[in-house]
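Visitor: No letters, just coordinates:
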């Protein structure tokens, strides 16, 4: 016969856990499909497109490049602000990479109208800007997870100016190389585009090998996949044909994905490594809620349960005892002359007295029993499954254990005692108020009899 859980939610959770591996596999499949969408478009144009079809519009190209440069400059600034806030080295290199793309790509737009008579110089800045950006992103990945830079390091402007000078030098090198036709046809363009593809794929492999699961790094992987496919499209394209324009669109898609990640970082933690996935956030929220519940249920000083939690457990155990007809007893306990201990030795010794009392009481109680601090030096113990006779025996053991214990002082030892009143649900009442009242009355009788005794 199959056992059925008393809680329907448990059955749903078990079913969800069975489906979970398949949903995760499907999520990975969707990510892979999304990352490879550009390849489908590239293959379609390569197989079915007409190479003779061209779209030559200098004005449109200048506007597109102007928008691209403006956006990349803005995202570079936002990335740098994230770095200044978090100190994450990965973001420092990402900011450098986007700045490099902005500065090296700028001449590509400026030289648009010279394409007719100097196509070489017009084209070379595109692949050069891509290899510059991906190289910086690769170096940044090698620094991913490294300790944050110090505030002094974040304030330094020298790395920015060195980067700007380096990117200006690259622009000059490209201009010089463009005067050599052989460089365009054989070397520089091939090195830049193939280098972009290789570095992007290496970055993806590193992320997968490390098992990095931060959600913003997933966007980084998708962007790298788009950058690699963009360079592939550029290698297959001819200037102004549809494959060439598609390559621009693919690269823009990758840049938008990466930019979205930067904005998410800026709006949250200002770091790529500490933005959590929905699943991780749920785990952290559940852990935080558990910690809050534990703090709310526990007395911070002694470790006994709080008054509120004790009364909640009292209601639960009473309802269970009424169903099962099992005995249930209560101990009301008060440390004798506790105010005098505080007045004579100070609150630090008083706190140590409370902690020692709880430790010795717990040594006597069993696993299902509950010890709560109701306030000050007053404690209550709920004895699950104990009759009045059994509870009296346990109370006497607690009294003896407390009397035998001591608290170390600078010039000796302090011994304290406890008075205990015992009551049982049923013989002493059927309501919580009645039984607590009976145990409380017996506690006061124990004090009246000279303290350090048990009254049941």
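Guide: Now that the structure is in, tell me what you want to look at. All of these numbers come straight from a predicted model, not from anything done at the bench. Numbering: from 1, shown residues only.

Visitor: quick one: the helices in the stretch 351-456 of the chain?
Guide: If DSSP state H, counting those that start in this stretch is used as the criterion, the helices of the stretch 351-456 of the chain fall at 388-404, 432-448.

Visitor: Let's have those in a markdown table, adding distance to residue 160 and mean neighbour count.
Guide: C-beta: built from backbone N, CA, C; applies to glycine. Output for the helices of the stretch 351-456 of the chain, formatted as a markdown table (distance: least, CB to CB, whole Å; neighbours: other CB atoms under 10 Å):
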| stretch | distance to residue 160 | mean neighbour count |
| --- | --- | --- |
| helix 388-404 | 69 | 18 |
| helix 432-448 | 70 | 18 |
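
Visitor: In a markdown table: these, plus mean pLDDT and distance to residue 96.
Guide: Conversion of those to a markdown table gives the following (pLDDT from 0 to 100; distance: least, CB to CB, whole Å):
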| stretch | mean pLDDT | distance to residue 96 |
| --- | --- | --- |
| helix 388-404 | 91 | 68 |
| helix 432-448 | 91 | 68 |
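
Visitor: Adding distance to residue 127, write these out as CSV.
Guide: As requested, these are arranged in CSV below (distance: least, CB to CB, whole Å):
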stretch, distance to residue 127
helix 388-404, 81
helix 432-448, 79
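
Visitor: residues near the residue nearest to residue 382 when sequence neighbours are not counted, how many?
Guide: Spatial nearest neighbour of residue 382, chain neighbours left out: residue 370 (4.3 Å); criterion: CB to CB, 6 or more residues apart in numbering. Other residues near residue 370 come to 18 when the count uses other CB atoms under 10 Å.

Visitor: Pull the contacting residues for residue 370.
Guide: Residue 370 makes contact with 305, 310, 313-314, 317, 381-382, 384, according to CB atoms under 8 Å, 6 or more residues apart in numbering.

Visitor: where do the strands sit along this structure?
Guide: 328-335, 370-375, 378-384, 407-409, 412-414, 418-424, 454-455 (DSSP state E).

Visitor: could those be laid out in CSV, adding mean pLDDT and distance to residue 19?
Guide: Compiled in CSV, the strands of the chain are given as follows (pLDDT from 0 to 100; distance: least, CB to CB, whole Å):
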stretch, mean pLDDT, distance to residue 19
strand 328-335, 92, 42
strand 370-375, 87, 38
strand 378-384, 91, 38
strand 407-409, 81, 56
strand 412-414, 82, 60
strand 418-424, 93, 49
strand 454-455, 92, 57
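
Visitor: okay if I get those as TSV plus distance to residue 115?
Guide: Supplementary listing: the strands of the chain in TSV, determined by distance: least, CB to CB, whole Å:
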stretch	distance to residue 115
strand 328-335	91
strand 370-375	82
strand 378-384	86
strand 407-409	89
strand 412-414	93
strand 418-424	95
strand 454-455	100
